[in-house]
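Engineer: I would like the atomic coordinates for the input below:
(one chain, ligands or ions: 3)
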Amino acid sequence: MSASDVELDQPGQGRLAHAGPDHPPVTRAKVGVVLANLGTPDATDYWSMRRYLNEFLSDKRVVDYASWKWQPLLQGIILTKRPFSSGKAYRSIWNEEKDESPLLTITRDQTAKFAARLERELGDKVVVDFCMRYGNPSTDSVLRRLQAQGCEKILFFPLYPQYASPTSATANDQAFRTLMKLKWQPAIRTVPAYFEHPAYLDALAASVTETYTAAESRPDILVASYHGVPKRYLMEGDPYHCQCQKTTRLLKERLGWDDSQIVTAFQSQFGPEEWVGPQTVDHVAELARQGHKHIAVISPAFASDCVETLEEINEEIRDSFLHAGGEHFTYVPCLNDRDDHIEALVQVALNELGGWI
Ligand SMILES: C=CC1=C(C)c2cc3[nH]c(cc4nc(cc5[nH]c(cc1n2)c(C)c5CCC(=O)O)C(CCC(=O)O)=C4C)c(C)c3C=C
Ligand SMILES: [Fe+2]
Ligand SMILES: [Fe+2]
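Structural biologist: Residues are numbered from 1 along each chain as shown. Ligands and ions are numbered 1, 2, ... in the order given. Reported below is the predicted structural model:
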């Protein structure tokens, strides 16, 4: 080892495992893998909800209006009223035992299983963690922690099967904001949309088959309900809507079904603009009026159950169907920490780690 090698190696972060007697011990450089989910309020009271919604809805990737137009509306009427209604929705699904939102509990469980599986594959060269785009644990704190653990390379994995600028892109933006502040940047790779990955589609199809087998009768039709986006985002080049449509088609093919057995819809419209449709809440009522007595609903865009699925789908959208004359409503849970889902995420990560380990 030459003198210049010693100068280059950083104690506690270095690249050489055998530094020699004239050098402090150094750890071998590691690769970090971060699962990045959307985020969630810390609690359901007015101020926690307001803080969370303010961070979320001030994100220009989510609401892209000029600040001078949007901020007075947001800080005025929206953040006065919405924390109450959103807080009520979160309270109805809150994980009381852990005093946190289901999205946080599930993301932590997914990460633990993912880490164990990836470490089985790659040993202790990888360090796995998770972060949120809004709220905690913040993207900045997690990336800094990984760097302090010796990660010189980081695979940043937004947990969205379909790419959307208000989800995948803003998660990546936030990671790059941290890098902008670091003197020694880790190398970073971002994971692309994985809705076409065979292991993801297999897990999705298996979850449908299992739910159908357990249901008291066979649903007439499966509604694939995706979180919506304004139609303008599609017209301006965001591929999310197309990737959702394609997910439904690939799932249908996996299940060996025809077009009469599955339909695509979009939920959670927000604000006055036209959003992509049809709206799930209206569409399920229409299905009931057409005479469908039993429907099932799945949400392939959500890697983890959250307020949008547990409250909006399994409460509001269920009520809409039953009030319009439907009789049975079956909810297909998100893939969460199912073994086949974790395996799919590991396969996607291994592919993107190529050449790094
Ligand atoms: C899965 C993809 C998602 C897209 C696309 C998306 C776009 C989008 N969302 C809003 C506004 C809200 N979304 C909210 C919650 C929420 N959104 C997603 C995912 C997508 N959003 C998830 C996973 C969640 C749940 C978070 C949780 O903690 O459980 C909310 C907050 C809840 C509420 O008050 O109803 C808002 C607001 C917009 C405007 C948008 C596209 C532009
Ligand atoms: Fe959303
Ligand atoms: Fe919603």
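Engineer: quick one: residue 316 from ligand 3, how far?
Structural biologist: 8 Å (C-beta to the ion, to the nearest Å). All C-beta atoms are positioned from the backbone trio N, CA, C, and that covers glycine.
Engineer: Find the centremost residue of this structure, please.
Structural biologist: Closest to where the C-alpha atoms of the chain average out (C-alpha atoms, centre = their mean) is residue 159, at 3.8 Å.
Engineer: any chance you could map the strands in the stretch 1-150 of the chain?
Structural biologist: Ranges of strands in the stretch 1-150 of the chain, per DSSP state E, counting those that start in this stretch, are 30-39, 126-134.
Engineer: between those, which one is nearest to ligand 1?
Structural biologist: strand 30-39 (4.4 Å; C-beta to the nearest ligand atom).
Engineer: before we move on, the earlier item: winner for burial among the strands of the stretch 1-150 of the chain?
Structural biologist: Most buried of the strands of the stretch 1-150 of the chain by mean neighbour count (mean count of other C-beta atoms under 10 Å) is strand 30-39; its value is a mean of 25.
Engineer: Show me what that one is packed against.
Structural biologist: Counting contacts by 3 or more C-beta pairs under 8 Å, 6 or more residues apart in numbering; DSSP states H and E, strand 30-39 packs against helix 46-57, helix 102-122, strand 126-134, helix 139-148, strand 151-158, helix 170-181.
Engineer: pLDDT on that strand, on average?
Structural biologist: Across strand 30-39, the average pLDDT comes to 97.
Engineer: cool, and stretch 254-265?
Structural biologist: Stretch 254-265 comes out at a mean pLDDT of 98.
Engineer: closest one to residue 354 among the helices and strands packed on strand 30-39?
Structural biologist: Nearest to residue 354 among the helices and strands packed on strand 30-39 is strand 151-158 (10.4 Å), distances taken as C-beta to C-beta.
Engineer: Count the residues that sit near residue 218.
Structural biologist: 11 (other C-beta atoms under 10 Å).
Engineer: and the stretch 201-350 of the chain, which residues reach ligand 1?
Structural biologist: Listed as neighbours of ligand 1 in the stretch 201-350 of the chain under the rule C-beta under 6 Å from any ligand atom: 227, 229-230, 240, 268, 270, 301-302, 306-308.
Engineer: all helices for the stretch 251-357 of the chain, in order.
Structural biologist: Counting by DSSP state H, counting those that start in this stretch, the segments of the stretch 251-357 of the chain that form helices are 280-289, 318-323, 339-352.
Engineer: Let me see the backbone angles for the residue nearest to the centre of the chain.
Structural biologist: phi -80, psi 60 (degrees, to the nearest 10).
Engineer: Am I right that it is in contact with residue 39?
Structural biologist: No: counting by C-beta atoms under 8 Å, residue 39 is not a contact partner of residue 159; they are 11.3 Å apart.
Engineer: So, low pLDDT: which residues of the protein?
Structural biologist: By pLDDT under 70, the low-scoring segments of the chain are 1-20, 24-28.
Engineer: For the residue of it found nearest ligand 3, list the residues it contacts.
Structural biologist: Using C-beta to the ion, the single residue of the chain nearest to ligand 3 is residue 268, 3.2 Å away. Residues near residue 268 by C-beta atoms under 8 Å, 6 or more residues apart in numbering: 227-228, 308, 312.
Engineer: which of these come close to ligand 3?
Structural biologist: The residues of those that also fall near ligand 3, by C-beta under 5 Å from the ion, are 308, 312.
Engineer: which among the contacts of residue 268 gets closest to residue 186?
Structural biologist: residue 227 (30.6 Å).
Engineer: what residues does stretch 227-247 touch?
Structural biologist: 161-166, 193, 195-196, 204, 224, 226, 264, 266-269, 271, 273-277, 279, 299-302, 308.
Engineer: Report the buried members of the residues you listed.
Structural biologist: Among the contacts of stretch 227-247, the ones that count as buried by 16 or more other C-beta atoms under 10 Å are 161-166, 193, 195, 204, 224, 226, 264, 266-269, 275-276, 279, 299-302, 308.
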